[in-house]
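Q: Sharing a model that was predicted from the sequence below.
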Amino acid sequence: MSDNRESELLASVPDGLFIGGEWRTAESGKTLDVMDPSTGAVIRTIADASVADGKAAMDAAAAAFPAWAATPARERGEILRRAFDLLQARKEDVALLMTLEMGKPLAEARGEVVYGGEFLRWFSEEAPRIQGRYGPNPEGTGRMIVSQHPVGPCFLITPWNFPLAMATRKIAPALAAGCTVVIKPAELTPLTTLLFVRLLEEAGLPAGVVNVITTSTSGAVSEPIIRDPRLRKLSFTGSTPVGRKLLEQASAGVLRTSMELGGNAPFVVFDDADLDKAVDGAMAAKFRNIGQACTAANRFIVHRSLADEFARRVTDRVASFRIGRGTEDGVTIGPLIDQRAIDKASALVEDALERGATLNTGGSAIPGDGTFYEPTVLSDVRAGSAILREEIFGPVLAIVPFDDEEEAVRLANDTEYGLVSYVYTESLARGQRMIEKLETGMMGLNVGVVSNAAAPFGGWKQSGLGREGGAEGIHEYLQTKYTLTPNP
Ligand code: NAD
């Protein structure tokens, strides 16, 4: 990867706020630095919005709403489809940009362009399928009309771990439904959203339909937007503690909310599992995105008869990983996002070891530039260890043995989270029992990655509210009206 290509790409990324169809500096003139986590170097300096900029973005989204809501659904869909095509044409640039600001290996960043792009295509197709109903009421005294309407201006807040997909997964259904938006990407990875919104502009999106604010003071800038009486919906992806706080703020205006929050996914391997498949699935479910995914397997609950063999095989696989800057050929593990992430992984591993776990490999931060942590395998992790309760968000694979199916289910459900679970078994009946017993909104049955634009992504329990993607996704941005009319 040439340094020239990187600097040209970075220089081409807009450095302003996008408000009402214009790129502007922050009203205060302040800027924020974006860093490459694999080197610690500043790669771009962009506008740092304050409360006044947030209000301007809200003004623009409110002003653009009536015309956008009245734009024919086919036209809205065609803009999304053009954005999909433009994204394909710029696939390499968008992937490289994600690797530079977030650290994931380039091959994974390319995969995210495919996944993230699919939301544009899917919702370009869903827009014209927004439908209503008409028919007699049961008493035969009138006709009932049920119609769907865009909810209004929306505020979208996204995390740093999937800089493109988390933005398209919200923007595409919102626009398809006829809503306008203010989007606030994470301050650690705002560049991908800025480049993507430039593509939306090129696709012919009218001014004010999408507005972007980048800020280092998320809490201060977001709260007035959430409390603005013109806002109709908040869609948030991020951690459960921040989600809880935002739900409180949203309660004042009784806002519609979608919350895609944290996870603590169990990965259950039964004694009748195909171990080759389970090890392949474990690698994807644990180490994709350097373990920094809400869907990352957090607890490997493995039947005692297989636990040692499973630990040996995953440890062998980890030995073949190549750690480095995501732009380098063959790298499979990039850096963690920042020092806080290193500190968290280190503390969880230390706690597990103090409580009696065995360290099979890894277990330390890697000194030098960038925030790298060794891929780690821990086996025989003891009950009560913090790593079984908290989201690891790092490349640490923790194995807990179990003896029977009932215990596996109890361990898997022993968390306040309920985003996704993974189950490996060759028994159909057992797989079906797990569908009924595991308290998660999604499940991978003999599969280690479940995300798909056509599927309803979302969690049970404290992993969130609502669904993104699938036929369900657009309904998060639509509201229902029932009208009674007399018989003709
Ligand atoms: P985070 O909650 O710290 O931040 C998420 C976003 O919220 C960022 O844009 C951040 O700037 C903003 N934010 C932080 N404090 C805020 C406040 N007080 N007011 C308004 N906005 C605020 O989470 P993160 O560290 O960026 O992302 C990791 C978390 O996201 C993990 O818990 C992960 O599981 C979760 N996540 C969930 C999904 C899902 O679909 N369920 C997907 C990806 C990530």
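A: Okay, I see it.
Q: helices or strands next to the one helix or strand Glu112 maps to in the packing?
A: Per DSSP states H and E, Glu112 falls inside helix 106-126. In terms of contacts (3 or more CB pairs under 8 Å, 6 or more residues apart in numbering; DSSP states H and E), helix 106-126 is packed against helix 73-89, helix 91-102, helix 165-177, helix 470-473. In short, each C-beta sits where N, CA and C put it, glycine included.
Q: what angle separates that helix from helix 165-177?
A: In this structure, helix 106-126 runs at an angle of 10 degrees to helix 165-177, with axes from the mean of the first three to the mean of the last three CA atoms, to 10 degrees as the basis.
Q: any idea of the mean pLDDT in helix 106-126?
A: For helix 106-126, mean pLDDT rounds to 98.
Q: what about it and the ligand, touching?
A: No - among the residues of helix 106-126, none lie within reach of the ligand under CB under 6 Å from any ligand atom; the closest is 11.7 Å away.
Q: in that helix, what's buried?
A: Buried residues in helix 106-126, defined by neighbour count with 16 or more other CB atoms under 10 Å: 106, 108-113, 115-124, 126.
Q: could you dump that helix to CSV, C-alpha only?
A: What follows is helix 106-126, C-alpha atoms only, in CSV (Å, rounded to 0.1, in the frame of the first residue of the first chain):
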residue,chain,number,x,y,z
LEU,A,106,-8.2,-4.5,4.6
ALA,A,107,-9.9,-7.8,3.6
GLU,A,108,-12.4,-7.3,6.4
ALA,A,109,-12.9,-3.7,5.4
ARG,A,110,-13.8,-4.8,1.9
GLY,A,111,-16.2,-7.3,3.4
GLU,A,112,-17.8,-4.4,5.3
VAL,A,113,-18.3,-2.4,2.1
VAL,A,114,-20.2,-5.4,0.7
TYR,A,115,-22.3,-5.8,3.9
GLY,A,116,-22.8,-2.1,4.4
GLY,A,117,-23.7,-1.5,0.7
GLU,A,118,-26.3,-4.2,0.8
PHE,A,119,-28.5,-2.0,3.1
LEU,A,120,-28.6,0.6,0.3
ARG,A,121,-29.7,-2.0,-2.3
TRP,A,122,-32.1,-3.7,0.1
PHE,A,123,-33.9,-0.5,1.2
SER,A,124,-33.9,0.9,-2.4
GLU,A,125,-36.1,-2.1,-3.1
GLU,A,126,-38.2,-1.8,0.1
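Q: what's the closest non-adjacent residue to the residue of the stretch 51-200 of the chain found nearest the ligand?
A: When scored by CB to the nearest ligand atom, the stretch 51-200 of the chain has Pro159 as its residue closest to the ligand, at 3.2 Å. Closest residue in space to Pro159, ignoring its immediate chain neighbours: Gly238 at 4.6 Å, by CB to CB, 6 or more residues apart in numbering.
Q: which ones are touching that neighbour?
A: Residues in contact with Gly238 (CB atoms under 8 Å, 6 or more residues apart in numbering) are Ile157, Thr158, Pro159, Ala186, Glu260, Leu261.
Q: got a pLDDT number for the last one?
A: In other words, Leu261. At Leu261, the predicted lDDT confidence score is 98.
Q: Give me the distance between the residue of the chain found nearest the ligand and Arg244.
A: The shortest separation between the chain and the ligand is 2.6 Å, found at Gly238 (distances taken as CB to the nearest ligand atom). Distance check for Gly238 against Arg244: by CB to CB, to the nearest Å, it reads 11 Å.
Q: Please apply the same query to Gly368.
A: Using CB to CB, Gly368 is found at 37 Å from Arg244.
Q: And Arg129, by the same measure?
A: Taking CB to CB, one finds Arg129 at 34 Å from Arg244.
Q: Kindly report the same for Ala250.
A: Ala250 sits at a distance of 11 Å from Arg244 (criterion: CB to CB).
Q: neighbour-wise, which of these two wins?
A: Applying other CB atoms under 10 Å to Ala250 and Arg244 shows that Ala250 carries more neighbours, namely 20 against 12.
Q: shaky segments in this protein?
A: Confidence mapping of the chain against pLDDT under 70 gives the ranges 1-2.
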